[in-house]
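# sequence first, then the predicted structure:
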Amino acid sequence: MQFKKTRKALPEIGRQLKVDAVVEGSVLHAGNRVRITAQLIEAAPDRHLWAETYERDLADVLALQGEVARAIADQIRVRLTPGEHVRLAKGSPVKPEAYEYHLRGKTSWMVQGRDRHCHRHAGTSGGSRSRLRRRLCGPRQVD
């Protein structure tokens, strides 16, 4: 999530992360349906390698996540162990409402943690704390 709203070019992000390729995607949720779009992009030349869209009932979201992970692993030619194949294939049905609450709670927890950190370290200057605060919170606002 570090680069979610960045203006950095993909080759620069790849160098910073020390990776050859990145996975970019989106998740859309409407009613009891979920759609995942994922694409694999070679970082240095900013070249599209693969893309796929998946749509399922929200109750099958865990199996869908496994399917997307397997497809990406296939594209980058990662050899999965038999145990890893089994774990990715497993997908217990989930209650859509419970999964929605889980995602909302996770998002809320992340935002609150960021906000607490920004408030707590608002007066710090210099050093790694200040760099972390700027990364999490953005530039200071002058009142």
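Structure's in. What do you need?
# point out where this protein drops to low pLDDT.
Confidence mapping of the chain against pLDDT under 70 gives the ranges 1, 88, 90-92, 110-143.
# where along it do the strands fall?
Applying DSSP state E to the chain gives strands spanning 21-30, 33-42, 47-57.
# now do the last one against strand 21-30, angle only.
Put plainly, it is strand 47-57. Here strand 47-57 runs at an angle of 30 degrees relative to strand 21-30 (axes from the mean of the first three to the mean of the last three C-alpha atoms, to 10 degrees).
# which elements pack onto strand 47-57?
Judged by 3 or more C-beta pairs under 8 Å, 6 or more residues apart in numbering; DSSP states H and E, strand 47-57 is in contact with strand 33-42, helix 61-75. No exception for glycine: its C-beta is placed from N, CA and C like everyone else's.
# neighbours of Val78, just the number please.
If you count neighbours by other C-beta atoms under 10 Å, Val78 ends up with 11.
# correction: the previous question concerned Val19.
Val19: 13 neighbours (other C-beta under 10 Å).
# might you report the residue contacts of it?
Ala43 (C-beta atoms under 8 Å, 6 or more residues apart in numbering).
# could you measure from it over to Arg87?
Separation of Val19 from Arg87 (C-beta to C-beta, to the nearest Å): 23 Å.
# thank you, goodbye.
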